[in-house]
Structure formats: structure tokens, C-alpha cells
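Q: Quick one, fold the following:
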Amino acid sequence: MDLVVKMATSGTEVSSKSDALQVPAQTSSSSSSSQINAILVSGPSGGVTPIFRTPPNGLLSRENVNRNFQVESADGATALTVLHKVIFKVKDMNCLACASSVEKALKSLRGIQEANVAVLHNTAKVVFYPDFINEQAIQIAIEDAGFDTATIEKEELHRRNTVCRLRIRGMTCTACSSCVESALEQIHGVKKAIVALATEEAEVHYDPWLVSYKTFIKSVSDTGFEAELISTSNESNNICLKLEGSSTYSQEQVDLIQSSLMGFLGVKNVETDCKNGSIIVSYDPDTTGPRCFLEVIDKVGFKASLQNDLGSPDRSKEMKEYKHQFFWSCAFTMPLFALSMIFMYISTLKSIFEIRISHMFTLGMLLRCILSTAVQFVFGRRFYKGAYMALRHGSTNMDVLIALGTNTAYFYSVYVSIRAATSSRFGEMDFFETSAMLISFILLGKYLEILAKGKTSQAIAKLIDLQPEFATLLELGEKGDILAEKEISTQLIHRKDLVKIIPGRKVPADGIVVSGHSYVNESMITGEACPVPKHAGDKVIGGTLNESSILHVRTTHVGSETALSQIVRLVKTAQMSKAPVQKYADKVSRHFVPFVILAALITWLAWFGAGLSGSYPKSWIPASMDEFELALQFGIAVLVIACPCALGLATPTAVMVATGKGASQGILIKGGQALENTHKVQCMVFDKTGTLTDGKPAVTTTKLFSDLSLANFYSLVTAVEANSAHPIAKAIMQYAADLQEGSYDSEKICEVEGFNSVIGQGVHAILEGRRIAVGNQRLMQHLNIPLSETVQQHLQHIENVAETSVVAAIDDHVAGIISVSDRVKPEAASTISMLKAWGVQSIMVTGDNWGTAKAIARQVGIEEVIAEAEPNTKVEKIKDLQNSGIIVGMVGDGINDSPALVAADVGMAIGAGTDVAIEAADIVLMRSDLEDVLTAIDLSKKTFSRIKLNYVWALGYNVFALPLAAGVLFPLIGLRLPPWVAGAAMALSSVSVVCSSLMLRSYKRPKCLHALKDIKVA
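A: I've put the predicted structure just below:
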């Protein structure tokens, strides 16, 4: 591998070549000439010294590792990956001077991030980059300082996990996806690989230190499938560009493009692939962006486009191939069918086609052989390739069955033809038409299956279509004045760009309104039906519709960072995941093909043996066959009628449609497991604030217990509460601002000292020498502040009216009590009522006081309440329920709910909640409407009813079809399935499963929700 070490101050390149290290002065990202076993660091005099061995595959890329050098990798691997911590026992340290000398010696080493020496404990804690220095070198440095040392403890602090997404083409059943998944997981450095048959994508979690995405593409290709890179990082500041105009590019051309991009300000790394013409750029989005990269590439004489990684797989090429092959196959199969089945019954034509060429070998037999050979080896070659690759890797798939069935029919017919050409008495019939018709019907089935699969991802396509194709960019002068307007592609918008949005146009990216006032329709993203007013300083979401007047928006999140892109990616990730129920289908599919092959062999032997022994009358045998051919027909029919594809598609297609439908209803489901568990929930735990209530508390009354005026009281309270982010603190701040006509004393806020926030209780601080505490009763108890009988009576009154009390104490005396109320959501009572009707128990767990909690619970109909709960109390309650065998769901919105959301079997986060809660949840309710809890449960029930139906059909089809093809009804009613009919049935079975899943597209919210709209909150 090639390394280049650049002086950060001068920009000069330092190159070193030795037996241990070869570092040519170039930055080719696609070359990988030699492995290295050392890296370069600056020596005491500014020289370059190799001091650390790199991994055997040489994958290394480091940026700004120390102040003097920047190390870049030739293969474009990502930046610094690992931090190690080691604690050494340092002997004979007697004073601070000894500790200081050891610490100084450690900090002088390159690759040391942190070094702390404790003289009292005789230990040295060192945090370092193992890419640049190892434990032995650190130990030697301590010994060189004059002290003996030994390792006590070591730990890896951080290891980078990069996600690579690939598009896989050519998979037909779960055996194919399992084969690819197994091949990827066996690669050294891969932590996890997920291959989804329905989406035709692979998601690989790997260590970029050890392996590159190019290895994955090669591994997939070796298994017999086509792989194409979608993205190589889970970071938003990586983009993939595709060079246009040629299929391959020379190394010199790629080097020119790469060096041009690397010289651009803000570009961190450039990785190129000259074979596919792809360029992956890692950059600082605050400095540059894709628009600049395309301009640079254009200036050096090339054209490139931005590759979108969010879209659904483009199946048009595959559909075109199957359609083309089907029609051409039919062009050969139809005459072949006519020669075998029609012309033989027309005396004039029969006499022509029965002209003998050699012995019993006729003209009709020759024509059938030619036509069948073209279908078998030209249009059926994809089945040969798939079967070969599967068998090569020790697995079996649908292609194996098809290849076995068609080859048996074809080569037996070839055998008959050869015998007819060499014998004057051989009178057996060929059935070339069987293999040709099998292939034609299977090609038709595959075409219909791809057509149906494309419709399963229409929900994602609709989400992507929300993003406008073009945006109006405003070019500004030095003074901020608008110089010009330019229409550009939405994909080329940079962060901090100023865009103009006229009425009727969609917002191209997330941003903040700089000027203008308008109403924006956000229903497509948030589900909010009424247009939302937007003024300067308000946030807007990409994909929403500007309705009334012009807005100027400064973009803050672009490309893959936007809310719309995150929603699309969340849906795609959910579609990639496997529901637990799919594991059973995977197990069945793994053994399905070998079982079918064995069944076909037994069928052939049983019928052939019965024919030879005379176990059935000769009248059963058709006139054109003998015992062997009849048995062979039954065996081939068993091979080709079996369909593992239907089993493999039963779950993923339903999950795909359901997650997409959920997204269109404002419900983001993060995976198949969450979708499966939701309909099993027996108990739903609700947070109160922001979940059952609006989460926007407002001050209702204030009761003073001191001589302070109301204005002075709030001046002191807001000085402390200004440092808190709690919703109640914000309500008090808003009330104080309104009370003091929009302002409060900012100088007092600055004077606050010793601010301390007690989770679940409140805050306290020192202001002008006085201790001010603002919180609930537990905070007063915690600080030993007495509550008089009058104060307690007032607190009890506040609890009785379902309001929250906030006690403010000054110098350990209660100065006043603020009453805060939070309106119950209008749909809360109907939601709880419906859950009860469905047999789901509801529990409310809140950090609020008991009086308020019980009052809210009475209003919404919840019987079991846990109040004054810490965040860990919620987790403990959920675990207690789980230990009793109950499947628990949790609905919350705040940071304090995130542990409970993770602990629950199904965590549901309110879309208006915090990012932490949304990240921890399994399901996100984008509309912040509690009725979506019911919709999520109902959608889960409908989806798994459909999955069960799919499995009943897929298993029932195979259970019924296999005996039928084997001829169990032939002795009774004379029913026999010709192989081509069996092949047609197999092709249509997988199509029927996909079409069954597509029925979920017609899903509608439960009718009961409309009936419950009239229920009023008490």
C-alpha cells in the first residue's frame, strides 16, 4: 500500500523507501502496490521515523494525527479508528518531580492522546492510538525515564464501525440471499451482514481498518451475483459520484480527477474505482459540497453525476432482460410446441415432418432439437449460471431445480435422437418441447414477479417524490445583497445556501426562514392537516409545500441529512431487517431443494420400478411413451413444480409493503421485529407529559408566601430556571417574559453560581449570596427545606385540580408556589378505551406528583398509576412486567423515557419528542397523535395475518403440488401434470405470494378510530 506523509505547515511530501516501508510520493486511491509494516512519525529533529507496524492488509488512512503530519492512505479507507487505554504500574516514584518526568516522557511520544501519572498510586494512565505507537514502545519510554514498569490493565476505547450498502442482482430465493450473506460474513473484518431478498440489497457492518468495500463486491461476484455499490459510510458527509461517458477509465484519468478533488478546500478523502467509474468523496459540509465537485470534474474534462442512494432498486433493466428473453424464447417454443402437439395431427404436415433423415431420425425431430437447443442454452443460460454458482459454494437454490428438470428432459430427448439416428427399430418419442416450454413459462413467471416486486417499494418512491427536482439558489454579494437567481438540482444544494421558495413550490431542504412570511403545508411529513405559519427564524422541513408567499430560507440540512432523507432511510432499514417469523421459512428453504431432488428421484424410481414389474396396467402408459419415459415425466414434474421462492418471499414482501404503508400514515416502523412484536403487546406503559398531555405546560396561578412582589419573585426564579431545559422551566420563563413585557433581568442570570439540576426534582443555585431552589416537594425534602401547614394545604389543592406544583424557596424558606397545568390530548381517552377493548392493559408512569398523576389518569381512563418515578423506576416496572411473562410496549417522548423505550419489547416515540427518544424507539409516531398507537397495533395485526396467509399458501401449494406432480391421483382419475404445466404452476406461485402482500397497500386505519372521534375528554 502507498502512504504519503505531508508536512501540515509547508504542504511538502516526505517519502521513504526501505525494506520495512515503501512510501512513494503519490496519492492514487485505487493503487495498492505493496504492504507496509511501519508508519512515519516526526522525530525529535523533524525527521521521519517508522515506529509502528500496520495491519497485514495495509488498510490505513489517517488525518491530522498529530500537529506536524497528515498521513493518507492509497486505498481511501476511512479515518482514525481505534483508541486504546493502558494503565501501567510505575515503581520507585517518590515525588511529584518523578511523576512529572514520566508524564513529560510519555507526552513527547507521537500517537499519545492523553497521559496522567498518579504518584500516590504509582500508576500511569495512557490513552493512545495503536496505529502509531504500541504498548511496548510506551513501556520502553517509561523505563528510559528511569523507572520499572508493568501493565496492570488495558482496554480498547473506541472502534469504528462503517456501514456499506450494496445492490445485489440475480437473487431468486432465500437460498440465494443466505449464500451471499454467508459469503460476506466469512470475510475478515465484517461484523455483520444482512441481505434482503425483497429489496435486493445488502448491508455490511465492517471495520474499515481491516477490509474494503471492493472485497465485498468481489465476494458477491464470486458467488454468482452482480453487486453494485450504493454507499460506503453511515456518515452524511460522504457522497458517491458516477463518471459519465465511458464504462471504464484509465488509471491516469482517475489520478487526475482525484488529485483535482484532493486539492479542493474541505475535501478530506477521495476514493476512486476506475473499473466502475465511481468516486467517493469525504468532505466537510460546512466548507464545500457536491456542486463544487462536479464543477472541478467538469474543468478537467470529464462529466459526472451525483448517485442517489435512497431510491428503490431500478428493476427496469432486469425486467427488460426477462421480457426480451421471454419473447425470444416464445419465438422458438411456439413452433416447437406446434411441431410436437399440432402438426402431428395434420396428415399433410405430418408426412413432411416424418421424412427420415437417418434411420428413425426424422426431419421433425431435427427441427425440434434445433429449436429446443436454442431455448435451453441461450435463453436458459442464466439458470445454468445460477445453479453452478450455488453448487460451487455448497448450496442449492431454485436454479438447481430448474436446471435439473430441463436438463433431464432435454438430454433424454438428445439420447432418443441419437438412438433414432443409429437404429432402424428404435421408436421412442422425444419431448424437446417439455424443456423449452418449462424455460419459457419460468421466464414469464420471473418477469411477473419482478413487476410485482416493484410495486412493493412504491411507498418509498412516493416519499422520495416529495423532494422537488429543482431549487432556486440566490447568489449573494459581499454585502449580502442578492446578485442573481439560479435554478439548480436539489441534490446540489450546499449547507448554508440561501434558496428562494415561491408559493406552490416545495421546500428543497431543511432550513431556517431568513425573510418572508407564509403558510407551509407540512401534512406530507408531520401529518398536521392545517398549514403552519412561518416567519423569520422558524424552521422548515424539506419536501413540505409553501402555500401563500415567497420565503427565503437558509439551508441547515441537505442531501442525506434532511428529515425526509432520514425517514426514507429509516423505512429502507426496516425493509432490510428480518422479522423473527422469517427464520422458520429460512430453515425450511435451506433443506427444501435437497428434499425435492430426493422426492423426484424416489418418484422416478417408484414409477419405473412399478412399470417394469407390471404393477400397473399397460393402458396407463400413453401411446407415445414407455415405462421409463412415463416415470421420467413424473420425476421432472416433481422437480419443477416445487417452489422455495414463495416461502422466501412470504415475509419480506409483506414487511416491505407494511413499513411503506406505515410511513405514508405517519408511522415509522424501524424493522420487522418491531412490526411483529407490536401486535403481541399485552400491556402499554405511557409517560404523562408530552405523551398523554400536550407537553406544553403553562403557568395558571402563583401563590406568594413572602413579602416579595410578583415581579421580583419571578426575577429570582427565572434567573435559576434560565439554565434548565425542562418544559416546565420554559413555561415559567415564558410567563415571566409576558409578565415583564417580554424581558427579564439578564444580569441576574449571569450572576447565578453553583447551578445544580437534580433529575426528577428540580434545580437550585446561588444568586447574590442567596440559595434559590425551584422544584417539587422532593427537592425541598432533599434540601431539608421545611414546608408549613399552609404550604402543604395549597400543594394538596393544586394536586386535586390535576395541576403541577412548583415550589420556589429562597434561603431555605418557601417564597411561593407556581401552579402549572398541561392539557390532556383530546384523543387520549379514546385511545386508552380502545386498548382496553382490545385486551391491552394501560399503565401511566410519570415523574410528576401523585395528585396530578391520579387526576390525569382519571380523565383518560387509566387505572394503574406510578407517580414521582425516576427514569430507572420506569425501566424497573417494565422489567417486572416482562418477568411475569407480559409483552410490554412503552410510549414516551423525552430523554428520560429513552431507557424505558429501549427496555420495552416495543418502544414508541412521539414524533415531536426529543431526538434521543426517537433514536431509542422501535416505532416513531410522526404525527404525535396517540391514535397512531392503535393504528400501529392494527397494522401489525393485519400484516402478520397476511404473512400467515402467505405461508399457508406457499406451504399448502408445495404440500398439495408435490404429490400431484408425483402422480398420486393418476391411478384414481388419470390426472397427470405434464412438466411444462408444473413449471407454469411453479412460476405463478411466487407471483401469487407477492400479489397477496400487495393487498396491504389498500390498508386503512381502523374504523373504530372514526367512531371514537366523538368521545370527549372529561
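Q: residue boundaries of the helices in the stretch 301-450 of the chain?
A: Secondary structure of the stretch 301-450 of the chain (DSSP state H, counting those that start in this stretch): helices at 316-337, 347-353, 363-374, 381-392, 398-422, 432-456.
Q: Pick the most deeply packed of these.
A: helix 432-456 (a mean of 25; mean count of other CB atoms under 10 Å). Heads up, the C-betas are built off the backbone N, CA and C, glycines and all.
Q: name the helices or strands packed onto that one?
A: In terms of contact count using 3 or more CB pairs under 8 Å, 6 or more residues apart in numbering; DSSP states H and E, helix 432-456 is assigned the packing partners helix 316-337, helix 363-374, helix 398-422, helix 627-641, helix 644-664, helix 979-998.
Q: Give the other helices and strands that the helix or strand just after the fifth one contacts.
A: Tracing the chain C-terminally past helix 644-664 and defining elements by DSSP states H and E, one meets strand 667-669 next. The contact analysis (3+ CB pairs under 8 Å, 6+ apart) places strand 667-669 against helix 563-576, helix 644-664, strand 923-925, helix 931-966.
Q: Just put those in a markdown table and tack on distance to residue 977 and mean pLDDT.
A: As requested, these are exported to a markdown table (distance: least, CB to CB, whole Å; pLDDT from 0 to 100):
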| stretch | distance to residue 977 | mean pLDDT |
| --- | --- | --- |
| helix 563-576 | 36 | 71 |
| helix 644-664 | 17 | 79 |
| strand 923-925 | 46 | 86 |
| helix 931-966 | 5 | 87 |
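Q: Using TSV, lay out these together with distance to residue 766 and mean neighbour count.
A: As requested, the helices and strands packed on strand 667-669 are exported to TSV (distance: least, CB to CB, whole Å; neighbours: other CB atoms under 10 Å):
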stretch	distance to residue 766	mean neighbour count
helix 563-576	41	21
helix 644-664	50	28
strand 923-925	41	27
helix 931-966	44	20
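Q: how about JSON lines for these, with distance to residue 754 added?
A: Output for the helices and strands packed on strand 667-669, formatted as JSON lines (distance: least, CB to CB, whole Å):
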{"stretch": "helix 563-576", "distance to residue 754": "39"}
{"stretch": "helix 644-664", "distance to residue 754": "47"}
{"stretch": "strand 923-925", "distance to residue 754": "38"}
{"stretch": "helix 931-966", "distance to residue 754": "42"}
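Q: about what we covered before: wait, which of the helices of the stretch 301-450 of the chain is closest to residue 174?
A: helix 398-422 (9.7 Å; CB to CB).
Q: how far does the closest one sit from the chain's center?
A: The gap between the average C-alpha position of helix 398-422 and the chain average comes to 45 Å, counting by CA atoms, centre = their mean, to the nearest Å.
Q: Ok, stretch 951-970 next?
A: How far stretch 951-970 lies from its chain's middle: 37 Å, per CA atoms, centre = their mean.
Q: Stretch 885-901 now?
A: Distance of stretch 885-901 from its chain centroid, counting by CA atoms, centre = their mean, is 22 Å.
Q: Residue 696: neighbouring residues, count only.
A: Neighbouring residues of residue 696 were enumerated by other CB atoms under 10 Å; the total is 14.
Q: Just put the helices of the stretch 301-450 of the chain in CSV and tack on mean pLDDT and distance to residue 229.
A: Output for the helices of the stretch 301-450 of the chain, formatted as CSV (pLDDT from 0 to 100; distance: least, CB to CB, whole Å):
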stretch, mean pLDDT, distance to residue 229
helix 316-337, 86, 16
helix 347-353, 83, 53
helix 363-374, 90, 36
helix 381-392, 81, 21
helix 398-422, 82, 25
helix 432-456, 76, 21
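Q: Using JSON lines, lay out those together with distance to residue 719.
A: Written out in JSON lines, the entries for these read as follows (distance: least, CB to CB, whole Å):
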{"stretch": "helix 316-337", "distance to residue 719": "64"}
{"stretch": "helix 347-353", "distance to residue 719": "104"}
{"stretch": "helix 363-374", "distance to residue 719": "88"}
{"stretch": "helix 381-392", "distance to residue 719": "72"}
{"stretch": "helix 398-422", "distance to residue 719": "72"}
{"stretch": "helix 432-456", "distance to residue 719": "58"}
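Q: Figure out which of those is closest to residue 201.
A: That would be, of the helices of the stretch 301-450 of the chain and by CB to CB, helix 432-456, which comes in at 12.5 Å.
Q: Any idea how far that closest one is from the middle of the chain?
A: 31 Å.
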